[in-house]
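Novice: Provided below for reference: sequence and predicted model.
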Amino acid sequence: MSSKMSAKNVSVSYGPFQALHDVTLDFEANKITALIGPSGCGKSTFLRSLNRINETERDTRIEGTITLNGENIFDIDVTEIRRRVGMVFQRPNPFPKSIFDNVAYGPKINGMLTGTTAEEAVESSLRRAALWDEVKDKLHDSAYALSGGQQQRLCIARALAVNPEVLLFDEPCSALDPIATARIEDLLVGLKEHCTMVIVTHNMQQAARVADDTGFFLLGKLIEHDKTDLIFKNPSKRETEDYITGRFG
Amino acid sequence: MGKLAAGVTRLFAISILAITLLLVIQLWLHSYEARQKFGLGFLTSTLWNPVTDEFGALPFLYGTVITSFLALLIAVPLGVGAAIFLAELTGPKLSETLTFLVELLAAVPSVIFGLLAIFTLVPFMRNYVQPGLQRVTGGIAIFSGHPYGVGYLTAGVILAVMTFPFIISVSREALLAVPREQREAALAVGATQWEATWDAVIPFARLGIIGSIFLALARALGETMAVTMVIGNNPSIRASLFAPGYTIASVIANEFTEATGDVYLAALVELGLVLFALTIIINGLAQLLIRVTTKR
């Protein structure tokens, strides 16, 4: 078992507020890791450190090391990190462009269209995101004409189009209905052959359904991290048990 | 209570429509003699002779359109560029301070801009900019003739200075209103900071930016005082941007008090009607443009 990504002693502060304390966590290759915990526990902050996107917020300070294939991500160019570690956001956020242009954007700006055409790149990404059959006849329609669930799968296709090694999901289903949620969950499990995934979720059933490993965060600290079924059936920490049995949170 | 509020606010909304309508009716009625005498020829005639009672709108239309166009040519790149800097590329402290100053600029009365233009801009244009342009371009038609300092170009420059605060302030608001997720969506696939601004933030804000430009255009078309002070007040059409010209708003302001004959007065009122129509046509085109560009 090899770690695709690992975080060592990661702390994050926004100005005077320390949001994350000394988190150490490994992500296994081609597995899904869920990060759970109550609101404000630091799980999103941690996720947003993994592709260095929280650096765009003012006064953010990150300490500790995060490695991708053993290489410190803070030593790699930030745009390269974000290409290799993709992200899907809480609310679907397609660009106000056509479906095609949304997916083609990443390959275009990263100069990845030398060997393949944009059409090929768009089709293969949409297929991997299980959206191709629904949109193949209207690729040049506005992305806003799609339903919420379709928009989110479009955002997944957009992220997949630059062939990321790791894909981060920040509560990707919180704005979706149960049927759209189920489709995304199926999709995630199917994507394991392509990449390693980390998903932040409020929904414990979702973590139980899709994740191989689960980490529980509380008040900016990682309380416990283990195989998902162990976390849910036999947690070793009192706080974890309280949370998953619904005593708080 | 809700019904009352709806009634009162509806009344206010209707009153705006009523005032506009009343304005058109008044302009229409008071321009009667001129409309009778010149018909549609008023729009194409270049004559403006109070002595013989011959009046035409073309030189003024030309002057109005050309100075506004020059103003936008200068103010749009400057204003949109400054807005991008203020909204995207600098910290909130500098952005807030500069925006405050820019908004102060928008509140300066236009007669002050006019005075400023007479004492500093006109000599500057006459002594440096206009001879410079002639030297660089070899005196092509639009930069030909004697550099008086006053004229279309100078009026365009002062209009640019007066309109660009609107462009900055409205465009900046539009850029700041773009959801953070749009920028992050671009960053998350490996865009640089600038690529995210250019590819995600600006396209998302483009309606607001276009809106700011048309707001500026509306101001430029109707601006009176400052333009009157620097355009040279000469009702003719010349190819050179250095030539003195006239605009609709300027001629109304200048000649209204001395318009003695009925036809003269009616011609000035009809010019007002033409300006009103011009503004409506340009706004209609703007709406059309927005509709076409947002279709996809």
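Specialist: Here it is on my side, so go on.

Novice: near chain A, which residues of the stretch 151-296 of chain B show up?
Specialist: Counting by CB under 8 Å from any CB of the partner chain, the residues of the stretch 151-296 of chain B close to chain A are B:179, B:181-193, B:195, B:199-200, B:203-204, B:296. Any C-beta I mention is one placed from the backbone N, CA and C, and that applies to glycine too.

Novice: quick one: which of those sit in helices?
Specialist: B:181, B:182, B:183, B:184, B:185, B:186, B:187, B:193, B:195, B:203, B:204 (DSSP state H).

Novice: can you say which of the residues of the stretch 151-296 of chain B next to chain A are buried?
Specialist: Buried members of those, scored by 16 or more other CB atoms under 10 Å in any protein chain shown, are B:181-192, B:195, B:199-200, B:204.

Novice: who's in contact with residue A:95?
Specialist: A:101, A:102, A:105, A:143, B:182, B:185, B:186, B:199, B:200, B:203, B:204 (CB atoms under 8 Å, 6 or more residues apart in numbering or on different chains).

Novice: with pLDDT added, can I get those in JSON lines?
Specialist: Formatted as JSON lines, the contacts of residue A:95 follow (pLDDT from 0 to 100):
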{"residue": "A:101", "pLDDT": "95"}
{"residue": "A:102", "pLDDT": "96"}
{"residue": "A:105", "pLDDT": "96"}
{"residue": "A:143", "pLDDT": "94"}
{"residue": "B:182", "pLDDT": "95"}
{"residue": "B:185", "pLDDT": "96"}
{"residue": "B:186", "pLDDT": "96"}
{"residue": "B:199", "pLDDT": "94"}
{"residue": "B:200", "pLDDT": "94"}
{"residue": "B:203", "pLDDT": "93"}
{"residue": "B:204", "pLDDT": "93"}
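
Novice: closest one to residue B:246 out of those residues, please.
Specialist: Nearest to residue B:246 among the contacts of residue A:95, counting by CB to CB, is residue B:203 at 39.7 Å.

Novice: next one, pLDDT for the closest residue in space to residue A:227 that isn't next to it in sequence please.
Specialist: Excluding its sequence neighbours, the residue lying closest to residue A:227 (CB to CB, 6 or more residues apart in numbering or on different chains) is residue A:213, at 6.1 Å. Here the pLDDT value assigned to residue A:213 is 95.

Novice: how about the one 3 residues further on?
Specialist: Here the pLDDT value assigned to residue A:216 is 94.

Novice: same question for the one 10 residues further on.
Specialist: Among the per-residue scores, residue A:226 shows a pLDDT of 93.

Novice: now for chain A, the helix or strand with the poorest mean pLDDT.
Specialist: Taking mean pLDDT, DSSP states H and E as the measure, chain A has helix A:238-244 as its least confident helix or strand, at a mean of 89.

Novice: quick revisit: farthest-separated two in the buried ones among the residues of the stretch 151-296 of chain B next to chain A?
Specialist: Farthest pair in those, by CB to CB: B:190 and B:204, 19.0 Å.

Novice: so the residue most central in space within chain A, which state does it fall into?
Specialist: The centre of chain A sits closest to residue A:168, judged by CA atoms, centre = their mean, with a distance of 1.6 Å. Three-state assignment for residue A:168 (DSSP: H, G, I helix; E, B strand; the rest coil): strand.

Novice: and the nearest residue to it once chain neighbours are set aside, which of the three is it?
Specialist: Counting by CB to CB, 6+ apart, the nearest residue to residue A:168 once its immediate chain neighbours are dropped is residue A:87, at 4.5 Å. Taking three-state DSSP as the rule, one finds residue A:87 in the strand state.

Novice: and residue A:87, how many residues sit next to it?
Specialist: 25 (other CB atoms under 10 Å in any protein chain shown).
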